[in-house]
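Novice: Provided below are the primary sequence and the corresponding predicted coordinates.
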Amino acid sequence: MLIVMKAGATNEEVDAVVRVISELGYRAHPMPGAARTAIGITGNPSAIDPSHFENLPGVAEAVRVSKPYKLVTLDLHAEKTVIRVGDAAIGGDELAIIAGPCAIESRGQAFAVAEAVRRSGARFFRGGAFKPRTSPYAFQGLGEEGLRILAEIRDAYGLKIVTEALDEAGVDLVERYGDMIQIGARSMQNFTLLRRAGKSRLPVLLKRGLSATLDEWLLAAEYIMSEGNYQVVLCERGIRTFSQHTRNTLDLAVIPAVRRVSHLPVVVDPSHGTGKNYMVTALARAGVAVGADGLIVEVHNSPDQALSDGAQALTLEQYEQLVGEVRAIHEVMMPATVT
Ligand code: PEP
Ligand code: MN
C-alpha cells in the first residue's frame, strides 16, 4: 500500500502518517515529489486496511500496490528520480558519463585514464579494485591499494568514484574511499550484499544480472530501497543470449521498459554489452538515443596491455570522440527526455 498525501500536506501531517505506519509495525518510506509526497509501506505480511489512514489530516488516498515492487514504481514517485552524487547527478538534464578502466592496475595507468576522463568533462570515474572474474586465476584487482589510488584521483581531479563491492566488507571499504557503490551483474541477486548497500549513505549503481528479467532486476533495486537507501541507478550491461557475435546482448529495449514502470534513472554499459572495441561507440550512441540517463564506458591508456577486458576498452582518443558524439545526440534528445 502507499499513502498519497494532498498537494498542500504539511511536514507534520506526513510525520503523523509515518508514525501510524511505524506503530503498526511496518516501515514507512516517504518520497517527496514535485506535486505531492507519497509514502510507501513495506514489511506488511498481508494487505493493510486503508481505513487506518484515510481519515488522517493531509491524506488524499490510500492506494493498493498490485505490483511486486513497491518503492521503485512510478506509482510512488511519478517524476524521474535524480540521484545526487556530491555536486554531480544522474537522471537530471545532463548526460552522466562514468568512464575509466575495467580494473585499477597501477597508479600510472589509473591517472593516465583519469586525466582524459577529466578533460572530457565527465563527472564520474570508474575502476574496479575488487574484480569479479570468471576464473580464480585471472587478475582479481589490487584490493584496498586500488581504492587508495581511486581516492587520490578523486582528490586530484574532483571526479566521483564509482567502484564495485563484491561483499559486505567491500561496501565498508567503498564507503571509506569512494562515492558510489557498484553492484556487479554477478552480484545482482546477492541479497545480503543488496541489503548492506541499502544501509549505506552512498548511492548504488545496480547492474542487471546476466539472465535477469526486468522484474528480477527491479526487485533487486527494491531490496536496496527497502532498507532505506533510495539512491539507486540501474545499469543495463547486456544479457546472455544465443548470439555469438557479441560478449553479451545489450538489451536497449529495456530502457523504455524501465521508464514505463520506474522512477529510477538508468544508464547503459556498451562495453560489457558488446565486449568488442569496434562496437562500443555505436551502441553508446544508441543507448543515449533510446533515452538512457548516462553511460558507463571502459577506457584504457593501452588496451593491448589491459589486465582485464582489454578487448572492449576504448583508447583515450576513441573515448574523447565518443563523448563528443553522445553529447550531441543527448542535446537533440533533450526536449523528448525532459518531462
Ligand atoms: C565491470 O564493470 O567491470 C564489471 C565487472 O561489470 P559486470 O558486473 O557488468 O560484468
Ligand atoms: Mn570490465
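Specialist: Great, that's in hand. Numbers count the residues shown, from 1 in each chain. Ligands and ions are numbered 1, 2, ... in the order given.
Novice: can you map out the strands along this protein?
Specialist: Using DSSP state E, the strands assigned to the chain run over residues 2-5, 27-32, 37-42, 59-63, 83-85, 88-90, 96-100, 124-126, 160-164, 180-183, 204-207, 232-236, 266-268, 294-298.
Novice: neighbours of the residue of the chain found nearest ligand 2, how many?
Specialist: Using Cβ to the ion, the single residue of the chain nearest to ligand 2 is residue 102, 3.3 Å away. To be clear about C-beta, it is placed using only N, CA and C from the backbone, and glycine gets the same treatment. Neighbour count for residue 102, taken as other Cβ atoms under 10 Å: 24.
Novice: per-residue confidence at the nearest residue to it once chain neighbours are set aside?
Specialist: Leaving aside its chain neighbours, residue 102 sits nearest to residue 309 (3.8 Å; criterion: Cβ to Cβ, 6 or more residues apart in numbering). We have a pLDDT of 97 for residue 309.
Novice: how far away is residue 309 from ligand 1?
Specialist: 6 Å (Cβ to the nearest ligand atom, to the nearest Å).
Novice: ditto for residue 40
Specialist: 28 Å.
Novice: for that residue, give me its contacts.
Specialist: 2, 28, 29, 30, 31, 65, 70, 71, 76 (Cβ atoms under 8 Å, 6 or more residues apart in numbering).
Novice: out of those, who's nearest residue 14?
Specialist: When the contacts of residue 40 are compared for distance to residue 14 (Cβ to Cβ), residue 30 comes out closest, at 5.8 Å.
Novice: check contacts around the residue of the chain closest to ligand 2.
Specialist: 127, 128, 131, 271, 298, 300, 306, 308, 309, 312, 313.
Novice: got the residues of the stretch 1-150 of the chain near ligand 1?
Specialist: 102, 128, 132 (Cβ under 6 Å from any ligand atom).
Novice: returning to that earlier point: filter the contacts of residue 40 to the buried ones?
Specialist: 2, 28, 29, 30, 31, 70, 71, 76 (16 or more other Cβ atoms under 10 Å).
Novice: and these, which two are furthest apart?
Specialist: 30 and 70 (13.2 Å).
Novice: for the residue positioned nearest the centre of the chain, report the pLDDT, please.
Specialist: Centroid-nearest residue in the chain: residue 233, 2.1 Å away (criterion: Cα atoms, centre = their mean). Residue 233 carries a pLDDT value of 98.
Novice: so what pairs up with the closest residue to residue 39 other than its chain neighbours in the strands?
Specialist: With sequence-adjacent residues excluded and distances taken as Cβ to Cβ, 6+ apart, residue 39 is closest to residue 3, at 4.4 Å. Beta-bridge partners for residue 3, by DSSP bridges, are residue 39, residue 62.
Novice: in this structure residue 3 contacts residue 41, no?
Specialist: Yes. Residue 3 is within contact range of residue 41, at 7.2 Å (criterion: Cβ atoms under 8 Å).
Novice: these two: who's more crowded?
Specialist: residue 3 (30 against 23).
Novice: and that one, what is it in contact with?
Specialist: Applying Cβ under 8 Å, 6+ apart to residue 3 gives the contacts 17, 21, 38, 39, 41, 53, 59, 61, 62, 63.
Novice: pretty sure the first one contacts residue 5?
Specialist: Yes. Taking contact to mean Cβ under 8 Å, the distance of 7.2 Å between residue 17 and residue 5 places them in contact.
Novice: who touches residue 315 in this structure?
Specialist: 299, 300, 301, 303.
Novice: who wins for neighbours among the residues you listed?
Specialist: residue 299 (29 neighbours).
Novice: got the phi/psi numbers for whichever residue of the chain sits closest to ligand 1?
Specialist: Closest to ligand 1 within the chain is residue 184: 3.0 Å, counting by Cβ to the nearest ligand atom. Here is the backbone geometry of residue 184 (degrees, to the nearest 10): phi -80, psi 170.
Novice: this structure: helices as residue ranges?
Specialist: Secondary structure of the chain by DSSP state H: the helices cover 11-23, 107-119, 144-157, 168-177, 191-198, 214-226, 254-261, 277-289, 316-337.
Novice: for ligand 2, what are the nearby residues on the stretch 201-339 of the chain?
Specialist: residue 309 (Cβ under 5 Å from the ion).
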